[in-house]
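A.B. asks: Sequence and predicted model, in that order:
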Amino acid sequence: MSKATLYLDETVHKALRLKSAESRQTMSDLVNEAIRVSLFEDYEDLEDIRVRRNEKTIGYEEFLKNLKTDGILV
């Protein structure tokens, strides 16, 4: 395991300390889990981009027109 120094906003640090005490998890464990979740979300986003790369794109005006045609916008 590597050691790092983090500078946290005071409010975030207080919330982290409280969550750590309530959950009986270390602050390091909570931070590591939050980072893992964030990285996995990035991975999923990149995978979605790869899968949808060849989809046709439409402009905002056309999108709104389609919503009106479909009866979603009245």
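C.D. replies: Okay, I see it. Residues are numbered from 1 along each chain as shown.

A.B. asks: Could you use CA atoms for every contact and neighbour count after this?
C.D. replies: OK.

A.B. asks: count of residues packed around Phe40?
C.D. replies: 12 (other C-alpha atoms under 10 Å).

A.B. asks: need the next SSE after the longest helix seen in the chain, C-terminal direction.
C.D. replies: Counting by DSSP state H, the longest helix found in the chain is helix 27-52. Sequence-wise, the next helix or strand downstream of helix 27-52 (DSSP states H and E) is helix 60-69.

A.B. asks: contact partners of that next one?
C.D. replies: Residues from elsewhere that reach helix 60-69 (C-alpha atoms under 8 Å, 6 or more residues apart in numbering): 73-74.

A.B. asks: next one: stretch 21-38
C.D. replies: By C-alpha under 8 Å, 6+ apart, stretch 21-38 touches 16-17, 20.

A.B. asks: State the mean pLDDT of the longest helix of the chain.
C.D. replies: The average pLDDT for helix 27-52 rounds to 97.

A.B. asks: residues of it that come out buried?
C.D. replies: Buried positions in helix 27-52, judged by neighbour count with 16 or more other C-alpha atoms under 10 Å: 27, 30.

A.B. asks: Give me the buried positions along stretch 11-19.
C.D. replies: Neighbour-count burial for stretch 11-19, counted by 16+ other C-alpha under 10 Å, picks out 16-17.

A.B. asks: Distance from the chain centre to it, please.
C.D. replies: 20 Å (C-alpha atoms, centre = their mean, to the nearest Å).

A.B. asks: same question, stretch 15-30
C.D. replies: Here the centre of stretch 15-30 is set off from its chain's centre by 20 Å, with C-alpha atoms, centre = their mean.

A.B. asks: Pull the helix or strand harbouring Glu22 out as CSV, backbone CA atoms only.
C.D. replies: Glu22 belongs to helix 10-23 when assigned by DSSP H and E. What follows is helix 10-23 as a C-alpha-only set of coordinates in CSV (Å, rounded to 0.1, in the frame of the first residue of the first chain):
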residue,chain,number,x,y,z
GLU,A,10,-12.7,21.1,6.2
THR,A,11,-16.4,20.1,5.8
VAL,A,12,-15.5,17.1,3.7
HIS,A,13,-12.9,16.1,6.3
LYS,A,14,-15.5,16.4,9.1
ALA,A,15,-18.0,14.3,7.2
LEU,A,16,-15.4,11.7,6.5
ARG,A,17,-14.4,11.5,10.1
LEU,A,18,-18.0,11.1,11.2
LYS,A,19,-18.7,8.5,8.6
SER,A,20,-15.6,6.6,9.6
ALA,A,21,-16.7,6.6,13.2
GLU,A,22,-20.2,5.6,12.5
SER,A,23,-19.3,2.9,10.0
